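*Asks:* Fold the following and give me the result.
(one chain, ligands or ions: 3)
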Amino acid sequence: MDSLLFSDICRHHVSAIPMLDSDQSKHKKHGLVLDNNFGFARKPDRRGLTISRVASPLQPAIVPSPDKETVDPDKNHVAWTSVRQERWEGELVVQGEIPLWLKGTYLRNGPGLWHIEDYNFRHLFDGYATLVKLHFENGRLIAGHRQVESEAYKAAKKNRKICFREFSEVPEYENFMSYVGDLAKLFSGASLTDNANTGVVKLGDGRVVCLTETQKGSLVIDPDSLDTLGRFEYSDSLGGLIHSAHPIVTDAEFLTLLPDLVKPGYMVVRMEPGTNERKVIGRVACRGGPAPGWVHSFPVTEHYVVVPEMPLRYCAQNLLRAEPTPLYKFEWHPQSKAFLHVMCKASGKLVASVEVPLFVTFHFINAYEEEDEDGRVTSIVADCCEHNADTTILDKLRLQNLRSFNGKDVLPDARVGRFKIPLDGSPYGKLEAALNPDEHGRGMDMCSINPAFLGKKYRYAYACGAQRPCHFPNTLTKLDFVEKRAKNWYDEGTVPSEPFFVARPGATEEDDGVVISLISEKNGGGYALVLDGSTFQEIARAKLPYGLPYGLHGCWVPKK
Ligand SMILES: CC1=C[C@H](O/C=C(C)\C=C\C2=C(C)CCCC2(C)C)OC1=O
Ligand SMILES: CC(/C=C/C=O)=C\C=C\O
Ligand SMILES: [Fe+2]
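*Replies:* Ligands and ions are numbered 1, 2, ... in the order given. Reported below is the predicted structural model:
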C-alpha cells in the first residue's frame, strides 16, 4: 500500500467520508475490505477544521486542499480525530516477528467518533464506541475496526443529532417541556446512553461484552465480525442504572459494584458464567458525603473485594444539568474523606473499613493479601493509578485540551498509589507511591497485569507514563515493583493506548509474554505494536492503512 498517499489523505482530516475511487482500487489491490457508510455529512466545525461532505456512500467526496491549520499535527492528531470509516478489515504487513504461540484476538474498545453533523462533542468519554481487533495467527496479523451499534449511535445516525445522555453531552431540547420529559426519562434510565465505549470483556462462557458506566450499555458483540449482537440483559431484579465500567472478569466469575445513589452505598455482586443473573454478595454503606464516590474500577484479592469510596462523588444536581460542570457528573468533597472497605467474597461480611488519604483514581491495578508467619492475613495491598488527589485530569481529557498541545508540560502528575489496609481493626490505611514517579515521567494510567496474578502478590504492571513535556500520557511503561524501576518505550509524537499483557502459554515467569498496544501517530498514521513482556523491546509492528483514534481498554480472546 502506498502509505504516504494514504496518510496524506488522513492529514487533511477527512473524517467520516467515503474513500475516493482511486483509494478503493488501491485497497482492492491489497485485498482489503472497505465499507464506508457513515452517512454523516460534515460542515466546518467551530474550530475551523476541514470541510467534507458525503453525497452518498462510495461516491467521491470533495476534499479541500489543506491549510496550515488542518495539517498542524498537534491540533489534528489522529488520536483525537473521529474514525474515518464505519468499518474496515484487512491483513497488515508485519515488520519483525510475531511469536507463533500468539494465537487469538486482541480487542480494544474506546470512544472513536466525536461529532454528529457539525456538532462536536466536548469530552473524550462522549464519543461513540469504536471496536478494534488485532487477530494474530501463525505470525500473521488481521486487523479491523467497527462502530458498535448501540441504540444511542443508531439514533444519532438516523436523526442526525444526539438522542441520549452521554458522559457530558445531553440531547438538545426544543422547549422546556421536552427538557422536563427528558428528566423523567433520566430517572427511569430511558434517556441514558447505551454507548458501550469504555471496555470489552470476555466472559467465562465465551460471550464478549462491551461496557460503559450505564448498565444498559452492556452490549454483546461478535469478536470476529465485530457485529453488535444485542443487549446483554441482566435477568436479576437488582435494578439501578449504573455500575463500575471495569468488572473483574475471570473464567469463573464476573464481579462488579452497583453504586446506590439514593441510600449512598455499593452493592457487591457476582455473576456466574453461562447466566445473566447477578447475585448479591453484600452491601457497603458509604461513610461520608451526600453520595457514593465514583467507582470506575475496584480491585480484588483472592478472598476479598476492596470497595473504594473516593471523595470524588456522584452528584445528583450535576446529573440533571444540561451544561457540563468542570467535574461533569461528579463533585469533589474533600471534607467527606476517603475510605476503603474490604468485603469477604465468600460471606459478604465487611472485614475492614479504613479512612485513607484523599485520592483520585480511574484505575486500580491489582491487590493482594499479606500474611504473618502463621498464614493469617494481616493486611491488604491495593495499587492504583493515582492522580495525587487532583481532579483536574477529568478536565484535561476535554477534546479541546487534547487537541491543543503547544509544547507546554500540562499533564498533571500521577503515580502508582499503593494503599496498605490493615485488617487488625485499625481505623486508618496508608497511601504511598509504590516507586519514584520520576521513573515513569510522573504520568500514570491505563494499566494491565498478567491476569494469572490477579488478586495475588505480583511484581510487574504495564501502563502509560509520560515523556515530558506533554499533555497526555505518551509512553508505554513496564513497572517493576521489586526493583522499583520502570522501563519506558517512547516514539516521538505518538499516542499509545493501554499496553495489554498476554502471557505465553506454559510460562512460569510473570513477565513471560507480549505486550500489545495500538499507536496513533502525529502524521495521521498508526500501527499495532508488540513488545516483549520481559525485555520491553519491540518485537513486531504493523502499519495500519490509517491511524485510529485513541482507545481505552481491551481484552484477549484466545483462539479455541
Ligand atoms: C471512558 C468512560 C466512559 C464513561 O462514562 C460514560 C458514561 C455515559 C457515564 C455516565 C454517567 C456517569 C459518569 C455518572 C453517573 C451517571 C452516568 C450518566 C451514568 O466513563 C469513563 O471513564
Ligand atoms: C485516558 C484516561 C482515563 C480513562 C478512563 O477510562 C486517563 C489518562 C490520563 O492520565
Ligand atoms: Fe477505564
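*Asks:* what's the pLDDT at the most far-flung residue of the chain relative to its centre?
*Replies:* In the chain, Asp374 marks the outermost C-alpha relative to the chain mean, sitting 40.5 Å out by Cα atoms, centre = their mean. In this model, Asp374 is scored at 97, pLDDT.
*Asks:* Confirm it sits in a strand?
*Replies:* No - the assignment for Asp374, made by DSSP: H, G, I helix; E, B strand; the rest coil, is coil rather than a strand.
*Asks:* Tell me how far it lies from Lys457.
*Replies:* To Lys457, Asp374 is 17 Å away according to Cβ to Cβ, to the nearest Å. Any C-beta I mention is one placed from the backbone N, CA and C, and that applies to glycine too.
*Asks:* Please apply the same query to Phe536.
*Replies:* Distance from Phe536 to Lys457, counting by Cβ to Cβ: 21 Å.
*Asks:* Give me the more crowded residue out of those two.
*Replies:* Per other Cβ atoms under 10 Å, whichever of Phe536 and Lys457 has more neighbours is Phe536, with 20 against 15.
*Asks:* what about the helix or strand Thr477 falls within and ligand 2, any contact?
*Replies:* For Thr477, the host element (DSSP states H and E) is strand 475-480. No - judged by Cβ under 6 Å from any ligand atom, strand 475-480 stays clear of ligand 2, getting no closer than 11.6 Å.
*Asks:* Each with direction, which strands does the helix or strand following that strand pair with?
*Replies:* Counting by DSSP H and E, the next helix or strand C-terminal to strand 475-480 is strand 485-490. When pairing is defined by DSSP bridges, strand 485-490 lines up against strand 475-480 (antiparallel).
*Asks:* which parts of the partner strand are buried?
*Replies:* 475-480 (16 or more other Cβ atoms under 10 Å).
*Asks:* Turn those residues into a markdown table, columns for pLDDT.
*Replies:* A markdown table is the format used below for those (pLDDT from 0 to 100):
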| residue | pLDDT |
| --- | --- |
| Thr475 | 99 |
| Leu476 | 99 |
| Thr477 | 98 |
| Lys478 | 99 |
| Leu479 | 99 |
| Asp480 | 99 |
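*Asks:* Tell me the one among these nearest to ligand 1.
*Replies:* Using Cβ to the nearest ligand atom, Leu476 comes nearest to ligand 1 of the buried residues of strand 475-480, at 19.5 Å.
*Asks:* from memory that closest one sits against Val515, does it?
*Replies:* Yes - with contact defined as Cβ atoms under 8 Å, Leu476 reaches Val515; the gap is 7.0 Å.
*Asks:* Name the residues contacting each of the two.
*Replies:* 462, 499, 531, 536 (Cβ atoms under 8 Å, 6 or more residues apart in numbering).
*Asks:* Quickly name whichever of those residues is closest to ligand 1.
*Replies:* Pro499 (17.4 Å).
*Asks:* which residues sit in contact with the closest one?
*Replies:* 446, 448, 462-464, 476-478, 515-517, 531.
*Asks:* switch the cut-off to 6 Å
*Replies:* Taking Cβ atoms under 6 Å, 6 or more residues apart in numbering, we find Pro499 in contact with 462, 476, 515, 517.
*Asks:* How much space separates it from Gly110?
*Replies:* Distance from Pro499 to Gly110, by Cβ to Cβ: 14 Å.
*Asks:* same thing with Gln215?
*Replies:* 20 Å.
*Asks:* ok, now Gly547?
*Replies:* 13 Å.
*Asks:* Count the residues that sit near Tyr490.
*Replies:* Tyr490, neighbours per other Cβ under 10 Å, totals 15.
*Asks:* actually Gly524, not the one I typed
*Replies:* Neighbour tally, Gly524, other Cβ under 10 Å: 24.
*Asks:* Which residues does the strand holding Thr477 contact?
*Replies:* With Cβ under 6 Å, 6+ apart, strand 475-480 has contacts from 440, 461-463, 465, 467, 486-490, 496, 499, 517, 536.
*Asks:* same question, stretch 390-398
*Replies:* Contacts of stretch 390-398 (Cβ under 6 Å, 6+ apart): 122-124, 312, 326-327, 332, 360, 387, 412.
*Asks:* would a markdown table of these with pLDDT and secondary structure be doable?
*Replies:* Output for those, formatted as a markdown table (pLDDT from 0 to 100; DSSP: H, G, I helix; E, B strand; the rest coil):
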| residue | pLDDT | secondary structure |
| --- | --- | --- |
| Arg122 | 97 | coil |
| His123 | 97 | strand |
| Leu124 | 98 | helix |
| Leu312 | 98 | strand |
| Pro326 | 91 | coil |
| Leu327 | 96 | coil |
| Trp332 | 98 | strand |
| Val360 | 98 | coil |
| His387 | 98 | coil |
| Pro412 | 98 | coil |
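*Asks:* And these, which of them are buried?
*Replies:* 122-124, 312, 327, 332, 360, 387, 412.
*Asks:* What parts of the stretch 151-300 of the chain come near ligand 2?
*Replies:* Thr198.
*Asks:* picking up where we left off before, make JSON lines from the buried residues of strand 475-480 and add distance to Leu255 to it.
*Replies:* Output for the buried residues of strand 475-480, formatted as JSON lines (distance: Cβ to Cβ, whole Å):
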{"residue": "Thr475", "distance to Leu255": "31"}
{"residue": "Leu476", "distance to Leu255": "28"}
{"residue": "Thr477", "distance to Leu255": "27"}
{"residue": "Lys478", "distance to Leu255": "27"}
{"residue": "Leu479", "distance to Leu255": "24"}
{"residue": "Asp480", "distance to Leu255": "28"}
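*Asks:* what's the closest of the buried ones among the contacts of stretch 390-398 to Leu350?
*Replies:* Distance ranking of the buried ones among the contacts of stretch 390-398 against Leu350, using Cβ to Cβ, places Leu312 first at 22.2 Å.
*Asks:* which residues touch that closest one?
*Replies:* By Cβ under 6 Å, 6+ apart, the neighbours of Leu312 are 294, 330, 332, 360, 391.
*Asks:* How about Phe232?
*Replies:* Counting by Cβ under 6 Å, 6+ apart, Phe232 has contacts 209, 218, 220.
*Asks:* Recalculate using a threshold of 8 Å.
*Replies:* Neighbours of Phe232 in contact, by Cβ under 8 Å, 6+ apart: 207, 209, 218-220, 276.
*Asks:* circling back to that earlier point, narrow the contacts of Pro499 to those in strands?
*Replies:* 462, 476, 515, 517 (DSSP state E).
*Asks:* and the residue of the protein nearest ligand 2?
*Replies:* Closest point on the chain to ligand 2, by Cβ to the nearest ligand atom, is Asp445, at 3.6 Å.
*Asks:* With adjacent residues omitted, what lies nearest to that residue?
*Replies:* Excluding its sequence neighbours, the residue lying closest to Asp445 (Cβ to Cβ, 6 or more residues apart in numbering) is Cys385, at 4.5 Å.
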